[in-house]
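Student: following is a predicted model, sequence given first.
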Amino acid sequence: MIKKGLLIVISPLALLVIVKLLSFTGVVVSPHAENQQSLEESYGVVALPIPDGLNFAGEPVPVDNFEVRERFDRELLVNTYWQSQTLMFFKRAHRWFPLIESILEEEGVPDDFKYLALIESGLMNVVSPAGASGYWQILQSTGRELGLEVNTEIDERYHVEKSTRAACKYLKDAHKRYNNWTLAAASYNMGRAGLNRQLSNQRTGNYYDLWLNDETSRYVFRILAIKTIFENPPAHGFHFSEQDLYPPLDYYTVRVDTTINDLVAFAHHHQITYKELRTLNPWLRRTSLPNRSGKEYEIMITKESLFGREDLIIAREMDYEEEELTSPARDTDL
């Protein structure tokens with residue numbers, strides 16, 4: 001039996017549904033093709049050239065070795081096209097690199113190590129699953145070995161200047177052991193004991209010849225990739241002006257060598273909020289600063305408000321007597 005032809009009537013709504021379905025199945029139905037063409041002309045994902053004379057801390061990187069070249073290429077692509085993260089690196093680095101650079105120079109550590117801090121933490125006070133903290137991601141035990149004060153009230157791993165000097169001490173000791181800054185950087189990631197074991201087992205003294213765990217094998221290349229991008233931002237698609245970056249903080253320091261039992265009152269006494277105090281001094285971990293030994297601490301006080309000071313109107317009108325700054329200690333964080 002032969003079926004007769006059917007006359008199909010399609011409503012406007014059904015036609016719209018069909019058009020949508022076609023667009024999802026790969027058939028392009030667009031009344032704005034010129035906009036798509038404009039987008040294609042203005043944005044592209046391109047392969048990136050490997051720079052000539054690539055080096056870390058003055059030590060050459062053997063990019064003529066295909067495996068080394070491809071490891072670097074991977075990190076360069078990842079960090080170039082993870083635009084949001086890398087742009088935030090530029091913003092935060094503008095605030096903190098001047099301080100870090102000056103300390104590295106003073107301590108005799110190559111300037112390239114500022115990028116180590118950047119890849120470790122993004123210049124944020126993060127805590128790793130292993131408990132490493134601060135911009136330089138220092139473990140509690142390591143911090144104490146390097147001379148940092150780490151306890152429930154004070155944690156100098158969060159003190160930018162002191163933690164940078166502690167990292168410099170580690171790196172200089174590692175360089176003395178290996179006579180090589182690249183291996184010193186690798187040891188910062190996996191520890192000297194672990195690196196020593198791999199150097200001995202594999203009978204080589206070259207980072208680029210070592211078979212390592214994935215994190216450490218990528219570690220120096222991540223530093224190199226960020227260094228390459230920072231040395232020529234436009235070539236990697238990053239365009240910004242200085243006003244787009246975070247400015248260095250303007251502050252002065254107050255030296256204290258006695259206990260401060262109420263840091264909220266201390267902050268208000270200096271015409272700043274407690275939040276401002278903690279933002280500038282994240283190494284202060286509680287609302288008090290016990291100081292039984294009479295040690296001298298330097299507390300940063302911002303010259304201009306970070307957050308606005310409307311909430312300090314009442315505080316400014318109050319007369320803070322000295323004894324109020326030594327009121328009974330609080331046991332909890334705010």
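Tutor: Cool, got the structure. Residues are numbered from 1 along each chain as shown.

Student: domain ranges for this protein, per the record?
Tutor: In terms of domains, the chain is parsed into 60-244, 251-326 (source: automatic domain parsing).

Student: any idea which residue sits dead centre in the chain?
Tutor: The centre of the chain sits closest to residue 122, judged by CA atoms, centre = their mean, with a distance of 0.8 Å.

Student: residue contacts, that residue?
Tutor: Counting by CB atoms under 8 Å, 6 or more residues apart in numbering, residue 122 makes contact with 85, 88-89, 92. C-beta coordinates here come from the backbone N, C-alpha and C atoms, glycine included.

Student: relative to residue 46, which of the domains of the chain is closest?
Tutor: Nearest to residue 46, of all the domains of the chain, is domain 60-244, at 8.8 Å by CB to CB.

Student: now do the closest one: distance to the chain's middle.
Tutor: Distance, stretch centre to chain centre, for domain 60-244: 10 Å (CA atoms, centre = their mean, to the nearest Å).

Student: measure that domain end to end?
Tutor: Between the opening and closing residues of domain 60-244 there is a gap of 34 Å (CA to CA, to the nearest Å).

Student: mean confidence (pLDDT) on that domain, please.
Tutor: Rounded to a whole number, the mean pLDDT of domain 60-244 is 97.

Student: what of stretch 46-56?
Tutor: 91.

Student: between the contacts of residue 122, which has the most around it?
Tutor: residue 89 (21 neighbours; other CB atoms under 10 Å).

Student: can you pull the contacts of it?
Tutor: Residues touching residue 89, when contacts are defined by CB under 8 Å, 6+ apart, comprise 118, 122-123, 226, 230.

Student: ok, which pair from these is furthest apart?
Tutor: The largest distance within the contacts of residue 89, taken as CB to CB, falls between 122 and 230 and amounts to 13.6 Å.

Student: verify the stated contact: residue 133 with residue 156.
Tutor: No. Using CB atoms under 8 Å as the test, residue 133 is too far from residue 156 to be in contact (10.2 Å).

Student: picking up where we left off before, most packed of the domains of the chain?
Tutor: domain 60-244 (a mean of 17; mean count of other CB atoms under 10 Å).

Student: show residues contacting the helix or strand residue 79 falls within.
Tutor: Taking DSSP states H and E as the criterion, the element that holds residue 79 is helix 66-81. Contacts of helix 66-81 with the rest of the structure, by CB under 8 Å, 6+ apart, involve 45, 48, 50, 54, 61-63, 85-86, 208, 217-218, 221-222, 224-226, 228-229, 236-237.

Student: farthest pair within the contacts of residue 122?
Tutor: Taking CB to CB as the measure, the contacts of residue 122 span a maximum distance of 10.7 Å, between 85 and 92.

Student: the longest helix anywhere in the chain to helix 66-81, inter-axis angle?
Tutor: When the chain is scanned for its longest helix (criterion: DSSP state H), the result is helix 83-107. With axes from the mean of the first three to the mean of the last three CA atoms, to 10 degrees defining the directions, helix 83-107 sits at 110 degrees from helix 66-81.

Student: quick check: next helix or strand after helix 83-107?
Tutor: Scanning forward in sequence from helix 83-107 by DSSP H and E, the next helix or strand is helix 114-121.

Student: so what's residue 301 bridging to?
Tutor: For residue 301, the beta-bridge partners are residue 252 (DSSP bridges).

Student: any idea how far residue 302 is from residue 157?
Tutor: Note on residue 302: its distance to residue 157, by CB to CB, to the nearest Å, is 22 Å.

Student: got it, and residue 252?
Tutor: 24 Å.

Student: and the helices in the stretch 101-250 of the chain?
Tutor: With DSSP state H, counting those that start in this stretch as the definition, the stretch 101-250 of the chain shows helices at residue ranges 114-121, 140-145, 160-178, 181-190, 192-202, 214-231.

Student: can I get those helices in a markdown table including distance to residue 268?
Tutor: Conversion of those to a markdown table gives the following (distance: least, CB to CB, whole Å):
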| stretch | distance to residue 268 |
| --- | --- |
| helix 114-121 | 31 |
| helix 140-145 | 31 |
| helix 160-178 | 24 |
| helix 181-190 | 40 |
| helix 192-202 | 46 |
| helix 214-231 | 40 |
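
Student: quick one, which of these is nearest to residue 273?
Tutor: Taking CB to CB as the measure, these were each checked against residue 273, and helix 160-178 came out nearest at 20.3 Å.

Student: tell me the angle the closest one makes with helix 114-121.
Tutor: Calculated by the same axes, to 10 degrees, helix 160-178 forms an angle of 110 degrees with helix 114-121.

Student: helix 181-190 and helix 160-178, what's the angle between them?
Tutor: Regarding helix 160-178 and helix 181-190, their directions subtend 120 degrees when assessed with the same axes, to 10 degrees.

Student: helices or strands up against helix 160-178?
Tutor: Packing contacts for helix 160-178, counted by 3 or more CB pairs under 8 Å, 6 or more residues apart in numbering; DSSP states H and E, involve helix 83-107, helix 114-121, helix 140-145, helix 181-190.

Student: for that helix, C-alpha coordinates in PDB please.
Tutor: Written as PDB, here are the backbone C-alpha positions of helix 160-178 (Å, rounded to 0.1, in the frame of the first residue of the first chain):
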ATOM      1  CA  VAL A 160      56.200  39.800  54.400                       C
ATOM      2  CA  GLU A 161      59.600  41.200  55.300                       C
ATOM      3  CA  LYS A 162      60.500  38.500  57.900                       C
ATOM      4  CA  SER A 163      59.300  35.600  55.800                       C
ATOM      5  CA  THR A 164      61.200  36.900  52.800                       C
ATOM      6  CA  ARG A 165      64.400  37.000  54.800                       C
ATOM      7  CA  ALA A 166      63.700  33.500  56.100                       C
ATOM      8  CA  ALA A 167      63.200  32.200  52.500                       C
ATOM      9  CA  CYS A 168      66.400  33.900  51.600                       C
ATOM     10  CA  LYS A 169      68.200  32.100  54.400                       C
ATOM     11  CA  TYR A 170      66.900  28.800  53.100                       C
ATOM     12  CA  LEU A 171      67.800  29.500  49.500                       C
ATOM     13  CA  LYS A 172      71.300  30.600  50.400                       C
ATOM     14  CA  ASP A 173      71.900  27.500  52.500                       C
ATOM     15  CA  ALA A 174      70.600  25.400  49.600                       C
ATOM     16  CA  HIS A 175      72.800  27.200  47.100                       C
ATOM     17  CA  LYS A 176      75.800  26.600  49.300                       C
ATOM     18  CA  ARG A 177      74.900  22.900  49.300                       C
ATOM     19  CA  TYR A 178      74.400  22.600  45.500                       C
END
